[in-house]
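Trainee: Any chance you can model this:
(3 chains)
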Amino acid sequence: MSIDLSEFIPVFLEESFEGLDTMESCLLELQPGDMETINTIFRAAHSIKGGSGTFGFDEVGRFTHELETLLDKMRNGQCEVTPDRVALLLSSVDCVRSLLVSASEGGEVDRSQVEEVERQLVAVVHGDEVSTLADSSASAPDEGVVDGGDGWRIRFTPDPGLLMSGNDPMLLFRELALLGPLEINLLTDALPALDNLDPTELYLAWELTLSAAVDETSIREIFEWVEDDCELILEPFTAGTTGAESGQTWDITLRPDADFLVTGNDPLLLFRELAELGALQVLLDSENLPALDQLDPVELRLNWHMTLHSACSEADIRAVFDWVDDQCELIITPVGGSPNPESAGTAGGAQPLISGEPISSAPAASEATGDQILPPSAPAGAPKSAVKSDTKPAAKAPAGRSGADSSSIRVETGKVDALIDRVGELVITQAMLAQVCEQLSDIDHPAVEQLLAGLGQLERNTRDLQEDVMRVRMLPISFVFNRFPRVVHDVSSKLGKKVELLLKGEQTELDKTVMEKIGDPLVHLVRNSLDHGLETPAERFSVGKPETGQVLLNAYHEGGYIVIDISDDGRGLNRDKILGKAVEKGLVSADANLAPHEIDELIFLPGFSTADQVSDLSGRGVGMDVVRRNIESLGGHVSVHSVPGEGSRFSVRLPLTLAIVDGQLVRLGQDTYIVPLVSIVETIKASDSMLTALGGSRCLLRFRGEYLPLVNLRELFELDGPPADIAEHLIVVVENAGQKLGLIVDELMGQQQAVIKSLEVNFKRIAGIAGATIMGDGGVALILDVAGLMGVALDPELASAARRRSKQEGLDQ
Amino acid sequence: MTAKNLRADAEGGQYLSFLVDNEEYAVDILRVQEVRGWTPVTRIPNSPGYLKGVLNLRGAIVPVVDMRERFGFPVRTYDPTTVVVVVKVLTQDRERVMGLVVDAVYETYHIAPSDIRPAPEVGTAISSDYIGGLAAIEERMVVILDIDRLMNSRELAVEPALVD
Amino acid sequence: MAMILVVDDSASLRSMVSFSLKQEGHQVTEASSGQDGLNKAKQGKFDLVLTDVNMPGMDGITLCSELRKLPAFKFTPILVLTTESSADMKQKGKAAGATGWLVKPFNPDTLLSTVKRVIR
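Mentor: Presented below is the predicted three-dimensional model:
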């Protein structure tokens, strides 16, 4: 059969990357003697190795093999856990990761790096090599087989109820054997699975070869008592009819230990295997068999002698017994080219006896009710995961999926998204029904009442369903936080700084998409704190701070948002330097009079970089402006708060999900738009006295001591409609990246949660529009993208005029 | 059924034709997802007049293009026969759904490839870029549209992937 | 065809094994941990158990011995999926009552022919 393994590769890769993350976070906190953590690391490596081999990632498999071996030694205490070795293991994790990435997505791997790490691994692993075990194989005394002279082939198929008649095949065979050498072949074709066996019934049949020139009657006499309870076929044969193809004949003696059956092994299955190698004859030796009624069904008291005629090698035969070779005595002897009659008698009184009983009576035990035998179940997994999901404060990285996953499933995000879409439809349909029903509410009819009640129920259920479905996409922020111990470990050692990383609120959940996109900006912010925020141990010592600096990542929910604070206890932002740089780069004028927090905000301006040299850490050609832009493209916001000498705190505020937005509905002419609440500072009614005309239609709004540029959205969007003749202008004040803007709208229409639909699916991105949503009446409303809108709407001249005015005002006061 | 028709069945395609300013245009019927009556749409800011806006098609946001305005014909007020032909447009590596506002849906035809002539450089009301071919049917000339090119031109085009 | 319980914490291995077995017409129940496997074993009837060794929580060896304590599993074949490096593991498996083992990495063909050895 050909099975396409490629289908399973994405899952394998996904779990391998998770495994690598687990290894990494565990390695970072690994203390010598922490067996549980080593075990976790080992297991992850082991799984990756197993999967790599299976799914054809041979290079990964080979590399991981060395890695696993080292971990195994650490686990067994053969190899000590040292910082050097942990570092080596961390590099190994990187290698496996890059090997996997390159194997799956293509792309280059740094071969020399991989080879070097592999070389080091091998050196550590084999430096204290212990020689491997030697295999001993039994030598073989001669054992017998029955050869046929002229004789009888007997096929004996007892009825299942034969045993209940008090007869016993064992006794029959013993009688037969008195007539001459008897060879017994057990036929198990009718044998049901063990646990379906009725212990009181017999499912076996036998094929017997009696090598004695006796007459048919003497045989039939033996079966006289059972002839109504069995099928008996007698067939005379002449010597030499047994199969003789090219090949070799093997004598095999199997003497199973009494507990052979306990491991689920079954001689009959082994014989079946053997029979596939060639022509097999099996002789049962029941010398040790007690009487039937004294049999312990669990113990095996039988021996078998077999003759196998086959072209196979001894190793092939041994392979069949591979699983049981320590549970039996196995003797294999080659016998020249043909069955050897001389050895026939050596089994002595090899009285062929019954072989079915131990098996068929075995389930007697299994039929018994099992309650009293149930072991106290090992509590291993469950409590551990409970600890991880909840109470663990910080620093301990939850090992991804280890604990909880027995009750979790892995689903493609596409399926979840489809579900979210579908529920979105349901919400819309429900809202539409609710609107229709409002028109019915005057009608006095019991059915209308019921309908309204039902709709109320539907609305609640729909809302709950939507929340539940959204929650499916939510993951704890620990998935992102887990990256940081490694980042901090690497960066701080490069910088020669001592850093303690504290993680808080790792279980705070947010949408998977947001999570995927927030990782890089956060890494950048953390690197920034390590690079620019924290001082060197010497500097810290000289100002009386502990040598080890602290970086705290703290996540928590606030309103419909998640806030992630990145704070350090370093030197704080150097405002003189920032201002100097900004002036030098022409970002602000030299005579600008900026408040401290305004200076801090300058670091987010495009083209700003405070590092004297662009270090390879926080530099990377990416500035804080990109961080801010990335965060804002997620509908989020980043701000900085700094106290010189005490440290800085960057606060990242993100919507919990990108799929839903809380919005303010506004009317522009005949069209409805939605302004995300997160962007809104305030909505006001502005009187003429608050407006300052600037020639043309341009206008500034005086708002809380500041002058803001005003934008008439209807004009901006070129939407026709009656001229706005409202005496009091409705203005939505929005803010993005520290810039405020007043939007003139025609009407404020209440707030609503909107499921965001992309315009790009069937159309394209529109500047200033984040997407669309479907309203209760089935119509479409567009959602404003305030950041994008600023780009389109904000006349730089107007903005600077507003700034000048604000400044003047500030001076006047 | 005649032999000729059989061959047409085997080789030709089915086309849906519609009227725009009394001209008959046709599109491959396999591209037509549905035909629906005109309903008001939501306007898109700063977009050309022929892009009437977007509508909700069972949860999908679908742009709607007025074919008269797209081709530069005189504007006509929408009436009960005005319909939106919802088509699938192939764009780069994906499929987009768009609505075409036309005066009326006219007919469906079997047209064998051999009956389709290439578009002349001149002499048609619309640019030959968007014409897949011409077919003469019962003395009338039907313009077979290349909707992929038509709907991927100018403001309707998908912008190249945004680079951060 | 047989009822088979497949216990492995790796979703990829587990689905590969279970897919292959299903192709052969077997009925497969999947479990993603030792504990899960034990729970499912108690709820169903199985002709064969395939279990990974290295799993968080209850490992495959422990699962073996726990299964052998259940009357219904006294004689059920149990194969452990192990790696070639662990000769020691085979012994541990046997001691815990495993019927045999299947060495990783294996391909579907190996898997199926091995399973045939223990299916009646």
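
Trainee: hang on, residue A:653 packs against residue A:557?
Mentor: No: using Cβ atoms under 8 Å, residue A:653 is not in contact with residue A:557; the gap is 10.8 Å. The C-beta positions use only the backbone N, C-alpha and C, and glycine is treated the same way.

Trainee: the more surrounded of these two?
Mentor: Each of residue A:653 and residue A:557 has its neighbours counted (other Cβ atoms under 10 Å in any protein chain shown); residue A:653 has more, 18 against 13.

Trainee: Setting the sequence-adjacent residues aside, check what's closest to that one.
Mentor: Distances taken as Cβ to Cβ, 6 or more residues apart in numbering or on different chains put residue A:637 closest to residue A:653, at 4.7 Å, once the chain neighbours are dropped.

Trainee: Pick out the residue of the stretch 101-250 of chain A closest to chain B.
Mentor: residue A:105 (18.0 Å; Cβ to the nearest Cβ).

Trainee: pretty sure residue B:53 is touching residue B:38, no?
Mentor: No: counting by Cβ under 8 Å, residue B:53 sits too far from residue B:38 to count as a contact (11.7 Å).

Trainee: Return the residues of chain A in contact with chain B.
Mentor: Contact residues, chain A versus chain B (Cβ under 8 Å from any Cβ of the partner chain): A:421, A:424-425, A:428, A:626, A:630, A:671, A:716-719, A:757-769, A:772, A:774, A:778-782.

Trainee: Which members of the residues you listed are classed as buried?
Mentor: Buried by 16 or more other Cβ atoms under 10 Å in any protein chain shown: A:421, A:424-425, A:428, A:626, A:630, A:671, A:716-717, A:719, A:757, A:759-760, A:762-766, A:768-769, A:772, A:774, A:779-782, out of these.

Trainee: Skip ahead from the helix or strand containing residue A:49 and say which helix or strand is next.
Mentor: Assigned by DSSP states H and E, residue A:49 belongs to helix A:35-54. Moving toward the C-terminus from helix A:35-54, the next helix or strand (DSSP H and E) is helix A:58-75.

Trainee: So is that following helix next to chain C?
Mentor: Yes: residues of helix A:58-75 are located near chain C by Cβ under 8 Å from any Cβ, namely A:61, A:65, A:68, A:69, A:72.

Trainee: got a winner among the residues you listed for most neighbours?
Mentor: Most neighbours among these, by other Cβ under 10 Å: residue A:68, with 28 neighbours.

Trainee: Confirm that residue A:788 sits in a strand.
Mentor: No: the assignment for residue A:788, made by DSSP: H, G, I helix; E, B strand; the rest coil, is helix rather than a strand.

Trainee: Could you report the separation of it from residue A:768?
Mentor: To residue A:768, residue A:788 is 5 Å away according to Cβ to Cβ, to the nearest Å.

Trainee: Ok, residue A:89 next?
Mentor: 50 Å.

Trainee: Please apply the same query to residue A:703.
Mentor: 21 Å.

Trainee: Can you tell me the SS state at residue B:24?
Mentor: The three-state label given to residue B:24 by three-state DSSP is strand.

Trainee: so where do the strands sit in chain B?
Mentor: For chain B, applying DSSP state E gives strands covering B:13-20, B:23-28, B:32-37, B:51-57, B:60-66, B:83-91, B:94-102, B:104-111, B:116-117, B:131-137, B:140-145.

Trainee: And those strands: which comes nearest residue A:329?
Mentor: strand B:94-102 (68.8 Å; Cβ to Cβ).

Trainee: Which neighbours in the sheet does that closest one have, and how are they oriented?
Mentor: Strand B:94-102 pairs in its sheet with strand B:60-66 (parallel), strand B:83-91 (antiparallel), by DSSP bridges.

Trainee: mind exporting it as PDB, just the C-alpha atoms?
Mentor: What follows is strand B:94-102, C-alpha atoms only, in PDB (Å, rounded to 0.1, in the frame of the first residue of the first chain):
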ATOM      1  CA  ARG B  94      -7.000  34.300  -6.800                       C
ATOM      2  CA  GLU B  95     -10.600  34.500  -7.600                       C
ATOM      3  CA  ARG B  96     -12.700  37.600  -6.900                       C
ATOM      4  CA  VAL B  97     -16.400  38.000  -7.000                       C
ATOM      5  CA  MET B  98     -17.800  41.200  -8.600                       C
ATOM      6  CA  GLY B  99     -21.200  42.500  -9.600                       C
ATOM      7  CA  LEU B 100     -21.800  44.000 -13.100                       C
ATOM      8  CA  VAL B 101     -24.800  46.400 -13.400                       C
ATOM      9  CA  VAL B 102     -26.400  45.900 -16.800                       C
END
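
Trainee: buried stuff in that strand?
Mentor: Residues B:96, B:97, B:98, B:99, B:100, B:101, B:102 are the ones in strand B:94-102 that count as buried (16+ other Cβ under 10 Å).

Trainee: What mean pLDDT does that strand get?
Mentor: Here strand B:94-102 scores 91 as its mean pLDDT.

Trainee: Okay, angle between that strand and strand B:13-20 too, please.
Mentor: Orientation of strand B:94-102 against strand B:13-20 (axes from the mean of the first three to the mean of the last three Cα atoms, to 10 degrees) gives an angle of 40 degrees.

Trainee: If you drop the residues flanking it in sequence, what lies closest to residue A:80?
Mentor: The nearest residue in space to residue A:80 (Cβ to Cβ, 6+ apart) is residue A:32, at 6.8 Å.

Trainee: Over to residue A:282?
Mentor: residue A:306 (5.1 Å).

Trainee: Residue A:452 - that's part of a strand, no?
Mentor: No: checked against three-state DSSP, residue A:452 lies outside a strand; its state is helix.

Trainee: count of neighbours near residue 40?
Mentor: The chain I'm using is chain A. Using other Cβ under 10 Å, residue A:40 is surrounded by 20 other residues.

Trainee: ah, no, chain C please
Mentor: Residue C:40, neighbours per other Cβ under 10 Å, totals 19.
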